[in-house]
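Trainee: Coordinates only, no sequence provided:
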């Protein structure tokens, strides 16, 4: 449910799909993803690699930075769009 763009401090959210687990979990535009499932991510490619270790229905912890503070949310993965 997010679109990311690589930035100096990590993959930044540039879009959040309405009514997606990402939006329901509170992820917002500008958040910087720092961990997926406890593993550090520094690029969009690394984010995707970590996310692909899970399947639809799995609950995954996503750590992100917003306004200089780190937060964590657990989201239940949706099926990818067809």
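Mentor: In hand now; what should we look at? Only a predicted model underlies this, so the values are computations on that prediction, with no experimental measurement involved.

Trainee: What secondary structure category should be reported for residue 72?
Mentor: strand (DSSP: H, G, I helix; E, B strand; the rest coil).

Trainee: wait, what's in contact with the residue lying closest to it once chain neighbours are set aside?
Mentor: Once flanking residues are discounted, residue 72 sits nearest to residue 63: 4.7 Å by CB to CB, 6 or more residues apart in numbering. (C-beta placed from N, C-alpha, C; glycine too.) The contact partners of residue 63, by CB atoms under 8 Å, 6 or more residues apart in numbering, come to 33-36, 70-72.

Trainee: And the strands in this protein?
Mentor: Per DSSP state E, the chain has strands spanning 2-7, 10-16, 32-36, 39-40, 59-66, 69-76. These are given in chain order.

Trainee: Quick check: mean pLDDT of the third one?
Mentor: In other words, strand 32-36. Mean pLDDT, strand 32-36: 97.

Trainee: same question, the first one
Mentor: Strand 2-7 carries an average pLDDT of 96.

Trainee: From the contact counts, what lies against the lowest-mean-pLDDT helix or strand in the chain?
Mentor: Counting by mean pLDDT, DSSP states H and E, the weakest-scoring helix or strand in the chain turns out to be helix 21-24, with a mean of 91. Contacts defined by 3 or more CB pairs under 8 Å, 6 or more residues apart in numbering; DSSP states H and E place helix 21-24 against strand 10-16, strand 69-76.

Trainee: Let me see the contact set for the nearest residue to residue 71 once chain neighbours are set aside.
Mentor: In space, residue 71 comes closest to residue 64 once its chain neighbours are excluded; the distance is 5.8 Å by CB to CB, 6+ apart. Residues in contact with residue 64 (CB under 8 Å, 6+ apart) are 13, 27, 31-34, 70-73.

Trainee: what do you get if the cut-off is 6 Å, keeping everything else the same?
Mentor: 31, 33, 71 (CB atoms under 6 Å, 6 or more residues apart in numbering).

Trainee: ditto for residue 9
Mentor: Applying CB under 6 Å, 6+ apart, the residues contacting residue 9 are residue 32.

Trainee: Nice, that's everything, thank you.
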